[in-house]
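**Q** Provide a 3D model corresponding to the input given below.
(one chain, ligands or ions: 1)
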Amino acid sequence: MSPVQPSRRVAFETVRAVHESDAFANLLLPVAIRRAGLNTADAALATELTYGTLRREGTYDAVIASAAGRGVDEIDPAVLDALRLGAHQLLSTRVPSHAAVNESVELARSAGSRGAAGFANAVLRRITRDTPGDWMSRIAESARSDDERLGLVFSHPVWVVRAFRRALAAEGRADELEALLAADNASPRVTMAALPGLAEVPDDVRRTPYSPFGFRLGGGDPETTIREAGGRVRVQDEGSQLAALALTRATPIAAGERWLDLCAGPGGKTAILAAEALASGAILEANEISPARAGLVRNAIAGIPLDVPVSEEDGRTRADDAPDTYDRILVDAPCTGLGALRRRPEARWRKSPADVPELTALQRELLSSSVSALKPGGIVAYVTCSPHLAETAGVVADVRREWGAALEEVSAREVLQRISTADPVLGEQADGSGRAQLWPHRHNTDAMSISLLRRV
Ligand SMILES: C[S@@+](CC[C@H](N)C(=O)[O-])C[C@H]1O[C@@H](n2cnc3c(N)ncnc32)[C@H](O)[C@@H]1O
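**A** This is a model prediction of the structure:
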(Lines give C-alpha, C1' and ligand atoms only; values in the text may rest on other atoms or scores of the structure.)
Protein backbone atom coordinates (compact mmCIF):
# COMPACT_ATOMS: atom_id res chain seq x y z
CA MET A 1 0.00 0.00 0.00
CA SER A 2 1.41 3.43 -0.92
CA PRO A 3 0.20 6.62 0.77
CA VAL A 4 -2.19 8.76 -1.27
CA GLN A 5 -0.84 12.13 -2.33
CA PRO A 6 -2.41 14.84 -0.06
CA SER A 7 -4.08 16.85 -2.85
CA ARG A 8 -5.86 13.70 -4.09
CA ARG A 9 -6.90 12.84 -0.54
CA VAL A 10 -8.34 16.37 -0.11
CA ALA A 11 -10.17 16.14 -3.44
CA PHE A 12 -11.55 12.72 -2.57
CA GLU A 13 -12.77 13.79 0.85
CA THR A 14 -14.40 16.90 -0.58
CA VAL A 15 -16.17 14.94 -3.32
CA ARG A 16 -17.32 12.44 -0.66
CA ALA A 17 -18.73 15.22 1.54
CA VAL A 18 -20.55 16.76 -1.44
CA HIS A 19 -22.26 13.43 -2.13
CA GLU A 20 -22.73 12.22 1.43
CA SER A 21 -23.86 15.35 3.20
CA ASP A 22 -24.88 17.78 0.44
CA ALA A 23 -21.85 19.97 1.19
CA PHE A 24 -20.88 22.78 -1.18
CA ALA A 25 -17.45 22.25 -2.73
CA ASN A 26 -16.67 25.97 -2.91
CA LEU A 27 -17.16 26.32 0.86
CA LEU A 28 -15.60 23.05 1.95
CA LEU A 29 -12.53 22.88 -0.27
CA PRO A 30 -10.68 25.97 1.02
CA VAL A 31 -11.09 24.69 4.58
CA ALA A 32 -9.85 21.19 3.63
CA ILE A 33 -6.86 22.69 1.78
CA ARG A 34 -5.92 24.82 4.80
CA ARG A 35 -6.35 21.92 7.21
CA ALA A 36 -4.11 19.69 5.07
CA GLY A 37 -1.49 22.46 4.82
CA LEU A 38 -1.26 22.14 1.01
CA ASN A 39 1.21 24.37 -0.81
CA THR A 40 0.02 26.50 -3.75
CA ALA A 41 0.68 23.85 -6.41
CA ASP A 42 -1.01 21.07 -4.44
CA ALA A 43 -3.96 23.33 -3.61
CA ALA A 44 -4.37 24.08 -7.33
CA LEU A 45 -4.27 20.33 -8.11
CA ALA A 46 -6.83 19.55 -5.36
CA THR A 47 -9.11 22.28 -6.73
CA GLU A 48 -8.82 21.07 -10.32
CA LEU A 49 -9.47 17.46 -9.31
CA THR A 50 -12.46 18.32 -7.12
CA TYR A 51 -14.15 20.74 -9.49
CA GLY A 52 -13.39 18.72 -12.60
CA THR A 53 -14.67 15.49 -11.07
CA LEU A 54 -17.89 17.07 -9.84
CA ARG A 55 -18.58 18.99 -13.04
CA ARG A 56 -18.06 16.03 -15.34
CA GLU A 57 -19.62 13.44 -13.08
CA GLY A 58 -22.41 12.62 -15.55
CA THR A 59 -19.90 11.75 -18.26
CA TYR A 60 -17.64 9.79 -15.92
CA ASP A 61 -20.55 7.79 -14.52
CA ALA A 62 -21.51 6.70 -18.02
CA VAL A 63 -17.90 5.65 -18.72
CA ILE A 64 -17.56 3.86 -15.37
CA ALA A 65 -20.86 2.00 -15.87
CA SER A 66 -19.70 0.87 -19.30
CA ALA A 67 -16.25 -0.19 -18.05
CA ALA A 68 -17.65 -1.92 -14.96
CA GLY A 69 -20.49 -3.61 -16.80
CA ARG A 70 -22.95 -2.48 -14.13
CA GLY A 71 -24.91 0.64 -13.21
CA VAL A 72 -23.21 3.16 -10.93
CA ASP A 73 -26.04 2.77 -8.42
CA GLU A 74 -24.76 -0.77 -7.88
CA ILE A 75 -21.30 0.47 -6.84
CA ASP A 76 -20.40 1.34 -3.24
CA PRO A 77 -20.67 5.18 -3.08
CA ALA A 78 -17.16 5.73 -1.67
CA VAL A 79 -15.60 3.41 -4.26
CA LEU A 80 -17.59 5.18 -6.96
CA ASP A 81 -16.15 8.54 -5.89
CA ALA A 82 -12.61 7.08 -6.06
CA LEU A 83 -13.43 5.82 -9.57
CA ARG A 84 -14.82 9.22 -10.60
CA LEU A 85 -11.63 10.91 -9.45
CA GLY A 86 -9.61 8.32 -11.37
CA ALA A 87 -11.76 8.68 -14.49
CA HIS A 88 -11.32 12.45 -14.40
CA GLN A 89 -7.54 12.14 -14.29
CA LEU A 90 -7.48 9.53 -17.05
CA LEU A 91 -9.92 11.22 -19.41
CA SER A 92 -9.45 14.95 -18.84
CA THR A 93 -5.97 15.62 -17.42
CA ARG A 94 -2.34 14.91 -18.23
CA VAL A 95 -1.78 13.00 -15.01
CA PRO A 96 0.15 9.84 -15.96
CA SER A 97 -2.14 6.79 -16.12
CA HIS A 98 -0.21 4.78 -13.53
CA ALA A 99 -0.49 7.58 -10.94
CA ALA A 100 -4.19 8.11 -11.67
CA VAL A 101 -4.94 4.39 -11.38
CA ASN A 102 -2.71 3.56 -8.38
CA GLU A 103 -3.81 6.46 -6.23
CA SER A 104 -7.50 5.96 -7.01
CA VAL A 105 -7.15 2.27 -6.17
CA GLU A 106 -5.60 3.25 -2.82
CA LEU A 107 -8.50 5.61 -2.15
CA ALA A 108 -10.99 2.85 -2.98
CA ARG A 109 -9.09 0.43 -0.74
CA SER A 110 -9.12 2.84 2.21
CA ALA A 111 -12.79 3.69 1.77
CA GLY A 112 -14.45 0.54 0.49
CA SER A 113 -15.17 -2.98 1.58
CA ARG A 114 -12.92 -5.98 0.83
CA GLY A 115 -12.48 -6.42 -2.86
CA ALA A 116 -12.89 -2.69 -3.52
CA ALA A 117 -9.27 -2.22 -4.57
CA GLY A 118 -9.37 -5.11 -7.06
CA PHE A 119 -12.64 -3.89 -8.53
CA ALA A 120 -11.38 -0.28 -8.84
CA ASN A 121 -8.17 -1.49 -10.41
CA ALA A 122 -10.05 -3.54 -13.01
CA VAL A 123 -12.43 -0.69 -13.92
CA LEU A 124 -9.72 1.95 -14.22
CA ARG A 125 -7.41 -0.31 -16.24
CA ARG A 126 -10.33 -0.98 -18.57
CA ILE A 127 -10.73 2.79 -18.98
CA THR A 128 -7.03 3.21 -19.82
CA ARG A 129 -7.33 0.74 -22.71
CA ASP A 130 -9.31 3.20 -24.86
CA THR A 131 -8.64 6.85 -25.65
CA PRO A 132 -10.84 9.60 -24.20
CA GLY A 133 -12.18 10.17 -27.73
CA ASP A 134 -13.19 6.51 -28.01
CA TRP A 135 -15.02 6.68 -24.69
CA MET A 136 -16.88 9.82 -25.74
CA SER A 137 -17.96 8.14 -28.99
CA ARG A 138 -19.09 5.05 -27.10
CA ILE A 139 -21.25 6.91 -24.57
CA ALA A 140 -22.59 9.22 -27.29
CA GLU A 141 -23.73 6.16 -29.27
CA SER A 142 -25.67 4.89 -26.28
CA ALA A 143 -27.88 8.03 -26.21
CA ARG A 144 -31.48 7.85 -27.40
CA SER A 145 -31.80 11.52 -28.40
CA ASP A 146 -29.57 14.46 -29.27
CA ASP A 147 -30.25 16.14 -25.93
CA GLU A 148 -29.34 12.94 -24.11
CA ARG A 149 -26.14 12.69 -26.16
CA LEU A 150 -25.20 16.25 -25.26
CA GLY A 151 -26.10 15.56 -21.64
CA LEU A 152 -23.75 12.57 -21.53
CA VAL A 153 -20.87 14.09 -23.46
CA PHE A 154 -21.00 17.48 -21.72
CA SER A 155 -22.14 16.16 -18.35
CA HIS A 156 -25.40 18.07 -17.92
CA PRO A 157 -28.81 16.70 -16.86
CA VAL A 158 -31.02 16.36 -19.95
CA TRP A 159 -33.63 18.79 -18.59
CA VAL A 160 -30.90 21.44 -18.28
CA VAL A 161 -29.73 20.80 -21.85
CA ARG A 162 -33.34 21.30 -23.00
CA ALA A 163 -33.75 24.50 -20.98
CA PHE A 164 -30.52 25.90 -22.47
CA ARG A 165 -31.52 24.87 -25.97
CA ARG A 166 -34.83 26.73 -25.64
CA ALA A 167 -33.23 29.83 -24.11
CA LEU A 168 -30.64 30.02 -26.89
CA ALA A 169 -33.29 29.33 -29.54
CA ALA A 170 -35.30 32.27 -28.17
CA GLU A 171 -32.53 34.50 -29.50
CA GLY A 172 -31.89 32.47 -32.65
CA ARG A 173 -28.68 30.94 -31.31
CA ALA A 174 -29.53 27.27 -30.77
CA ASP A 175 -26.34 26.45 -32.68
CA GLU A 176 -24.32 27.76 -29.71
CA LEU A 177 -25.58 25.02 -27.37
CA GLU A 178 -22.40 22.92 -27.43
CA ALA A 179 -20.25 25.98 -26.81
CA LEU A 180 -22.41 26.86 -23.80
CA LEU A 181 -22.25 23.35 -22.36
CA ALA A 182 -18.48 23.28 -22.84
CA ALA A 183 -18.12 26.67 -21.13
CA ASP A 184 -19.91 25.30 -18.07
CA ASN A 185 -17.18 22.68 -17.74
CA ALA A 186 -14.29 25.15 -17.74
CA SER A 187 -13.01 26.97 -14.67
CA PRO A 188 -13.90 30.66 -14.87
CA ARG A 189 -11.16 33.24 -14.30
CA VAL A 190 -11.60 35.19 -11.08
CA THR A 191 -13.24 38.53 -11.86
CA MET A 192 -13.03 41.51 -9.52
CA ALA A 193 -14.91 44.77 -9.17
CA ALA A 194 -13.40 48.06 -7.98
CA LEU A 195 -16.44 49.73 -6.42
CA PRO A 196 -17.25 52.81 -8.51
CA GLY A 197 -16.14 56.05 -6.87
CA LEU A 198 -14.49 54.19 -3.98
CA ALA A 199 -11.62 52.27 -5.57
CA GLU A 200 -9.60 52.46 -8.76
CA VAL A 201 -9.00 49.61 -11.16
CA PRO A 202 -5.26 48.86 -10.62
CA ASP A 203 -2.92 49.75 -13.50
CA ASP A 204 -1.31 46.33 -13.90
CA VAL A 205 -4.49 44.29 -14.56
CA ARG A 206 -6.65 43.30 -17.51
CA ARG A 207 -9.92 45.21 -17.56
CA THR A 208 -13.11 43.28 -18.26
CA PRO A 209 -14.61 44.06 -21.66
CA TYR A 210 -18.06 45.23 -20.52
CA SER A 211 -18.18 46.36 -16.90
CA PRO A 212 -16.43 49.73 -16.59
CA PHE A 213 -15.01 48.81 -13.17
CA GLY A 214 -14.32 45.09 -13.58
CA PHE A 215 -10.89 43.53 -13.94
CA ARG A 216 -9.00 40.26 -13.80
CA LEU A 217 -5.76 39.73 -11.91
CA GLY A 218 -2.83 38.46 -13.97
CA GLY A 219 -1.79 36.31 -11.02
CA GLY A 220 -1.42 36.68 -7.29
CA ASP A 221 -3.92 36.25 -4.54
CA PRO A 222 -7.25 38.12 -4.81
CA GLU A 223 -7.49 38.04 -1.00
CA THR A 224 -4.44 40.32 -0.75
CA THR A 225 -5.94 42.80 -3.23
CA ILE A 226 -9.25 42.76 -1.36
CA ARG A 227 -7.62 43.24 2.06
CA GLU A 228 -5.46 46.10 0.85
CA ALA A 229 -8.53 47.86 -0.58
CA GLY A 230 -10.52 47.59 2.67
CA GLY A 231 -13.37 45.70 0.99
CA ARG A 232 -13.80 48.28 -1.77
CA VAL A 233 -12.45 45.80 -4.28
CA ARG A 234 -14.44 42.58 -4.45
CA VAL A 235 -14.58 39.27 -6.27
CA GLN A 236 -17.65 39.55 -8.48
CA ASP A 237 -18.78 38.05 -11.76
CA GLU A 238 -18.88 40.65 -14.52
CA GLY A 239 -22.53 39.79 -15.26
CA SER A 240 -23.45 40.60 -11.65
CA GLN A 241 -21.68 43.94 -11.93
CA LEU A 242 -23.66 44.72 -15.08
CA ALA A 243 -26.97 43.67 -13.51
CA ALA A 244 -26.56 46.16 -10.65
CA LEU A 245 -25.40 48.89 -13.03
CA ALA A 246 -28.34 48.28 -15.38
CA LEU A 247 -30.61 49.49 -12.56
CA THR A 248 -28.55 52.41 -11.30
CA ARG A 249 -27.66 53.72 -14.76
CA ALA A 250 -30.93 53.01 -16.59
CA THR A 251 -31.87 56.69 -16.20
CA PRO A 252 -30.12 59.72 -14.64
CA ILE A 253 -30.27 59.63 -10.82
CA ALA A 254 -31.93 62.46 -8.87
CA ALA A 255 -30.45 63.19 -5.42
CA GLY A 256 -32.62 61.78 -2.64
CA GLU A 257 -33.97 58.86 -4.68
CA ARG A 258 -34.94 55.86 -2.55
CA TRP A 259 -33.65 52.44 -3.57
CA LEU A 260 -34.34 48.93 -2.29
CA ASP A 261 -32.35 45.73 -2.82
CA LEU A 262 -35.08 43.19 -2.07
CA CYS A 263 -33.21 39.85 -2.11
CA ALA A 264 -29.79 41.09 -1.16
CA GLY A 265 -27.81 38.19 0.33
CA PRO A 266 -24.87 37.78 0.26
CA GLY A 267 -24.60 41.40 -0.80
CA GLY A 268 -22.42 41.51 -3.91
CA LYS A 269 -24.83 43.71 -5.82
CA THR A 270 -25.76 45.66 -2.67
CA ALA A 271 -22.14 46.81 -2.51
CA ILE A 272 -22.36 48.24 -6.04
CA LEU A 273 -25.74 49.84 -5.35
CA ALA A 274 -24.30 51.37 -2.17
CA ALA A 275 -21.30 52.80 -4.04
CA GLU A 276 -23.59 54.22 -6.72
CA ALA A 277 -26.00 55.62 -4.09
CA LEU A 278 -23.11 57.27 -2.24
CA ALA A 279 -21.88 58.92 -5.42
CA SER A 280 -25.32 60.23 -6.41
CA GLY A 281 -26.98 61.12 -3.11
CA ALA A 282 -29.51 58.27 -3.23
CA ILE A 283 -30.79 56.42 -0.15
CA LEU A 284 -30.39 52.64 -0.14
CA GLU A 285 -32.12 49.97 1.93
CA ALA A 286 -31.56 46.23 1.67
CA ASN A 287 -33.58 43.18 2.61
CA GLU A 288 -32.74 39.49 2.86
CA ILE A 289 -34.98 36.75 4.24
CA SER A 290 -32.17 34.65 5.71
CA PRO A 291 -30.65 36.21 8.84
CA ALA A 292 -27.29 34.53 8.16
CA ARG A 293 -27.19 35.95 4.65
CA ALA A 294 -28.38 39.34 5.91
CA GLY A 295 -25.22 39.27 8.05
CA LEU A 296 -23.17 38.70 4.89
CA VAL A 297 -24.86 41.73 3.31
CA ARG A 298 -23.81 43.88 6.29
CA ASN A 299 -20.23 42.60 5.92
CA ALA A 300 -20.25 43.27 2.17
CA ILE A 301 -21.06 46.95 2.69
CA ALA A 302 -19.06 47.51 5.88
CA GLY A 303 -16.29 49.32 3.99
CA ILE A 304 -18.69 51.79 2.31
CA PRO A 305 -19.35 55.03 4.19
CA LEU A 306 -23.14 54.90 3.71
CA ASP A 307 -25.81 53.92 6.21
CA VAL A 308 -27.75 51.02 4.63
CA PRO A 309 -30.39 49.44 6.88
CA VAL A 310 -30.74 45.70 6.21
CA SER A 311 -34.12 44.15 7.08
CA GLU A 312 -34.69 40.41 7.39
CA GLU A 313 -38.17 39.89 5.98
CA ASP A 314 -39.89 37.95 3.27
CA GLY A 315 -39.42 40.24 0.29
CA ARG A 316 -43.09 39.96 -0.61
CA THR A 317 -44.33 41.46 2.66
CA ARG A 318 -41.37 43.86 2.80
CA ALA A 319 -42.45 45.31 -0.53
CA ASP A 320 -46.22 45.05 0.04
CA ASP A 321 -45.80 47.05 3.26
CA ALA A 322 -44.15 49.95 1.43
CA PRO A 323 -46.51 50.97 -1.40
CA ASP A 324 -45.41 53.74 -3.81
CA THR A 325 -42.13 54.24 -1.95
CA TYR A 326 -39.06 53.47 -4.06
CA ASP A 327 -37.52 54.94 -7.20
CA ARG A 328 -35.44 51.84 -7.98
CA ILE A 329 -35.74 48.26 -6.78
CA LEU A 330 -33.45 45.35 -7.48
CA VAL A 331 -35.17 41.95 -7.45
CA ASP A 332 -32.23 39.57 -7.78
CA ALA A 333 -34.54 36.63 -7.34
CA PRO A 334 -33.86 33.22 -5.82
CA CYS A 335 -33.60 30.94 -8.86
CA THR A 336 -32.32 27.59 -10.11
CA GLY A 337 -28.86 29.10 -10.56
CA LEU A 338 -28.46 27.32 -13.90
CA GLY A 339 -26.48 30.32 -15.11
CA ALA A 340 -23.67 29.76 -12.61
CA LEU A 341 -22.83 26.11 -13.21
CA ARG A 342 -19.18 26.97 -13.93
CA ARG A 343 -18.69 28.26 -10.42
CA ARG A 344 -20.82 25.72 -8.50
CA PRO A 345 -19.63 22.36 -9.76
CA GLU A 346 -22.22 20.20 -8.00
CA ALA A 347 -25.18 22.53 -8.62
CA ARG A 348 -26.29 20.94 -11.88
CA TRP A 349 -27.01 17.66 -10.07
CA ARG A 350 -28.87 19.25 -7.17
CA LYS A 351 -31.75 20.93 -9.00
CA SER A 352 -34.60 19.22 -10.77
CA PRO A 353 -37.39 20.35 -13.09
CA ALA A 354 -39.72 20.05 -10.09
CA ASP A 355 -37.94 23.06 -8.51
CA VAL A 356 -38.92 25.35 -11.37
CA PRO A 357 -42.68 25.89 -10.71
CA GLU A 358 -42.10 26.63 -7.03
CA LEU A 359 -39.37 29.13 -7.87
CA THR A 360 -41.30 30.85 -10.64
CA ALA A 361 -44.31 31.29 -8.33
CA LEU A 362 -42.04 32.99 -5.76
CA GLN A 363 -40.29 35.04 -8.45
CA ARG A 364 -43.64 36.30 -9.81
CA GLU A 365 -44.79 37.29 -6.34
CA LEU A 366 -41.53 39.04 -5.48
CA LEU A 367 -41.57 40.96 -8.77
CA SER A 368 -45.25 41.88 -8.52
CA SER A 369 -44.89 43.04 -4.90
CA SER A 370 -41.87 45.10 -5.85
CA VAL A 371 -43.91 46.86 -8.57
CA SER A 372 -46.44 47.91 -5.91
CA ALA A 373 -43.54 49.34 -3.87
CA LEU A 374 -42.39 51.53 -6.78
CA LYS A 375 -43.32 55.19 -7.04
CA PRO A 376 -44.91 56.07 -10.39
CA GLY A 377 -41.93 56.42 -12.74
CA GLY A 378 -39.86 54.07 -10.58
CA ILE A 379 -37.89 51.20 -12.14
CA VAL A 380 -37.45 47.60 -11.05
CA ALA A 381 -34.64 45.39 -12.32
CA TYR A 382 -35.66 41.75 -12.36
CA VAL A 383 -32.52 39.62 -12.42
CA THR A 384 -31.91 35.88 -12.36
CA CYS A 385 -28.70 33.92 -12.48
CA SER A 386 -30.51 31.52 -14.77
CA PRO A 387 -31.38 31.63 -18.46
CA HIS A 388 -34.36 29.24 -18.01
CA LEU A 389 -37.19 30.90 -19.96
CA ALA A 390 -39.78 30.07 -17.29
CA GLU A 391 -37.74 32.02 -14.73
CA THR A 392 -36.88 34.90 -17.04
CA ALA A 393 -39.23 35.76 -19.94
CA GLY A 394 -42.12 33.77 -18.40
CA VAL A 395 -42.10 35.55 -15.05
CA VAL A 396 -41.78 38.98 -16.64
CA ALA A 397 -44.60 38.26 -19.12
CA ASP A 398 -46.90 37.12 -16.29
CA VAL A 399 -46.22 40.20 -14.19
CA ARG A 400 -46.66 42.49 -17.19
CA ARG A 401 -50.02 40.82 -17.89
CA GLU A 402 -51.03 41.30 -14.27
CA TRP A 403 -50.13 45.00 -14.20
CA GLY A 404 -51.21 45.81 -17.78
CA ALA A 405 -50.77 49.44 -18.82
CA ALA A 406 -49.40 50.35 -15.37
CA LEU A 407 -46.09 48.79 -16.33
CA GLU A 408 -43.83 49.44 -19.33
CA GLU A 409 -40.55 47.92 -20.30
CA VAL A 410 -37.25 49.76 -20.47
CA SER A 411 -34.86 47.94 -22.80
CA ALA A 412 -32.18 46.35 -20.62
CA ARG A 413 -30.27 45.54 -23.81
CA GLU A 414 -30.07 49.21 -24.77
CA VAL A 415 -29.02 50.19 -21.25
CA LEU A 416 -26.27 47.55 -21.22
CA GLN A 417 -25.10 48.57 -24.65
CA ARG A 418 -24.85 52.17 -23.43
CA ILE A 419 -23.01 51.48 -20.16
CA SER A 420 -20.67 48.73 -21.33
CA THR A 421 -17.15 49.61 -22.42
CA ALA A 422 -17.45 47.24 -25.44
CA ASP A 423 -20.59 46.19 -27.30
CA PRO A 424 -21.84 43.04 -25.52
CA VAL A 425 -23.71 41.94 -28.69
CA LEU A 426 -26.87 40.87 -26.88
CA GLY A 427 -29.35 38.69 -28.73
CA GLU A 428 -32.80 39.96 -29.62
CA GLN A 429 -35.47 37.95 -27.86
CA ALA A 430 -38.19 36.08 -29.76
CA ASP A 431 -40.85 37.57 -27.46
CA GLY A 432 -39.89 41.06 -28.62
CA SER A 433 -38.85 42.12 -25.11
CA GLY A 434 -35.85 44.21 -24.15
CA ARG A 435 -34.54 41.48 -21.84
CA ALA A 436 -30.76 41.15 -21.80
CA GLN A 437 -29.33 37.66 -21.57
CA LEU A 438 -25.63 37.20 -20.86
CA TRP A 439 -23.89 33.89 -21.57
CA PRO A 440 -20.76 32.15 -20.25
CA HIS A 441 -19.60 31.07 -23.73
CA ARG A 442 -20.19 34.51 -25.28
CA HIS A 443 -19.52 37.01 -22.54
CA ASN A 444 -17.41 34.97 -20.15
CA THR A 445 -19.97 35.82 -17.44
CA ASP A 446 -22.60 33.85 -15.60
CA ALA A 447 -25.80 33.49 -17.64
CA MET A 448 -27.54 36.45 -16.02
CA SER A 449 -30.93 37.58 -17.29
CA ILE A 450 -31.82 41.25 -16.76
CA SER A 451 -35.20 42.88 -17.37
CA LEU A 452 -36.10 46.48 -16.55
CA LEU A 453 -39.71 47.54 -15.90
CA ARG A 454 -41.00 51.05 -15.19
CA ARG A 455 -44.19 51.74 -13.25
CA VAL A 456 -46.24 54.22 -15.23
C1 LIG B 1 -29.78 35.27 -6.14
S2 LIG B 1 -29.61 35.52 -4.46
C3 LIG B 1 -29.23 37.23 -4.37
C4 LIG B 1 -27.78 37.53 -4.66
C5 LIG B 1 -27.39 38.93 -4.24
N6 LIG B 1 -28.22 39.94 -4.86
C7 LIG B 1 -25.94 39.25 -4.55
O8 LIG B 1 -25.65 39.82 -5.61
O9 LIG B 1 -25.06 38.91 -3.76
C10 LIG B 1 -31.26 35.47 -3.90
C11 LIG B 1 -31.41 35.75 -2.41
O12 LIG B 1 -32.82 35.81 -2.15
C13 LIG B 1 -33.04 35.32 -0.85
N14 LIG B 1 -34.48 34.98 -0.75
C15 LIG B 1 -35.09 33.81 -0.98
N16 LIG B 1 -36.41 33.93 -0.78
C17 LIG B 1 -36.64 35.22 -0.44
C18 LIG B 1 -37.80 35.95 -0.09
N19 LIG B 1 -39.01 35.39 -0.10
N20 LIG B 1 -37.66 37.24 0.24
C21 LIG B 1 -36.44 37.84 0.24
N22 LIG B 1 -35.31 37.20 -0.07
C23 LIG B 1 -35.40 35.89 -0.41
C24 LIG B 1 -32.09 34.14 -0.74
O25 LIG B 1 -31.84 33.84 0.61
C26 LIG B 1 -30.87 34.67 -1.50
O27 LIG B 1 -29.97 35.24 -0.59
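**Q** helix or strand right after the strand or helix carrying A46?
**A** Using DSSP states H and E, A46 maps to helix 40-55. Counting by DSSP H and E, the next helix or strand C-terminal to helix 40-55 is helix 57-68.
**Q** avg pLDDT for that following helix?
**A** Mean pLDDT, computed over helix 57-68, is 98.
**Q** okay, the angle between the helix holding A46 and helix 57-68?
**A** 80 degrees (axes from the mean of the first three to the mean of the last three C-alpha atoms, to 10 degrees).
**Q** longest single helix anywhere in the chain?
**A** Longest helix in the chain by number of residues, with DSSP state H as the criterion: helix 355-372.
**Q** find the residue closest to the residue of the stretch 301-450 of the chain found nearest the ligand in space, skipping its chain neighbours.
**A** Nearest to the ligand, among the residues of the stretch 301-450 of the chain, is G315, at 3.1 Å (C-beta to the nearest ligand atom). All C-beta spots, glycine's among them, are computed from the backbone N, C-alpha and C. Leaving out its chain neighbours, the residue that sits closest to G315 by C-beta to C-beta, 6 or more residues apart in numbering is L262, at 4.4 Å.
**Q** dump the residue contacts of the one you found.
**A** Residues in contact with L262, defined by C-beta atoms under 8 Å, 6 or more residues apart in numbering, are 287, 315, 318-319, 329-332, 366, 370.
**Q** for the protein, what helix or strand is lowest in average pLDDT?
**A** Between all helices and strands in the chain, the lowest mean by mean pLDDT, DSSP states H and E belongs to helix 222-228, at a mean of 83.
**Q** can you give me the offset of it from its chain's centre?
**A** Its chain's C-alpha centre and that of helix 222-228 lie 22 Å apart, by C-alpha atoms, centre = their mean, to the nearest Å.
**Q** before we move on, what about stretch 258-267?
**A** Stretch 258-267 has its C-alpha centroid displaced from the chain centroid by 19 Å (C-alpha atoms, centre = their mean).
**Q** so is it next to the ligand?
**A** Yes - Stretch 258-267 comes into contact with the ligand (C-beta under 6 Å from any ligand atom), by way of 263-267.
**Q** out of these, which is most surrounded?
**A** Ranked by the number of neighbours (other C-beta atoms under 10 Å), those place A264 first, at 31 neighbours.
**Q** list the contacts for the closest residue to that one other than its chain neighbours?
**A** Closest residue to A264 in three dimensions, ignoring its sequence neighbours and counting by C-beta to C-beta, 6+ apart: A286, at 4.0 Å. Neighbouring residues of A286 by C-beta under 8 Å, 6+ apart: 260-261, 264, 267, 270, 294, 297, 301, 308-311.
**Q** ok, residues contacting stretch 269-278?
**A** Taking C-beta under 8 Å, 6+ apart as the criterion, the residues outside stretch 269-278 that touch it are 193, 195-198, 232, 234, 236, 240-241, 243-245, 247-249, 253, 259, 261, 264, 282-284, 286, 297, 300-301, 304-306, 308, 330, 332, 383.
**Q** then stretch 415-430?
**A** With contacts defined as C-beta under 8 Å, 6+ apart, stretch 415-430 is touched by 169-173, 207-212, 242, 245-246, 249-250, 393, 413, 435-438, 442-443, 450, 452.
**Q** pull out the buried positions in the next helix-or-strand element following the least confident helix or strand of the chain.
**A** Using DSSP H and E, the helix or strand that follows helix 222-228 towards the C-terminus is strand 233-235. Of the residues in strand 233-235, those with enough neighbours to count as buried (16 or more other C-beta atoms under 10 Å) are 233-234.
**Q** ok, and what's touching stretch 205-219?
**A** Under C-beta under 8 Å, 6+ apart, the answer for stretch 205-219 is 189-196, 201-202, 204, 225, 236, 238, 241-242, 245, 416, 419-422, 424, 443-445.
**Q** how far does it stretch from start to finish?
**A** For stretch 205-219, the first and last residues are 9 Å from each other (C-alpha to C-alpha, to the nearest Å).
**Q** over to stretch 136-149?
**A** End-to-end distance for stretch 136-149, by C-alpha to C-alpha: 10 Å.
**Q** equivalent analysis for stretch 101-120, please.
**A** Using C-alpha to C-alpha, the span of stretch 101-120 from its first residue to its last is 8 Å.
**Q** mind listing what's buried along that stretch?
**A** Those would be 101-112, 116-117, 119-120, for stretch 101-120 by 16+ other C-beta under 10 Å.
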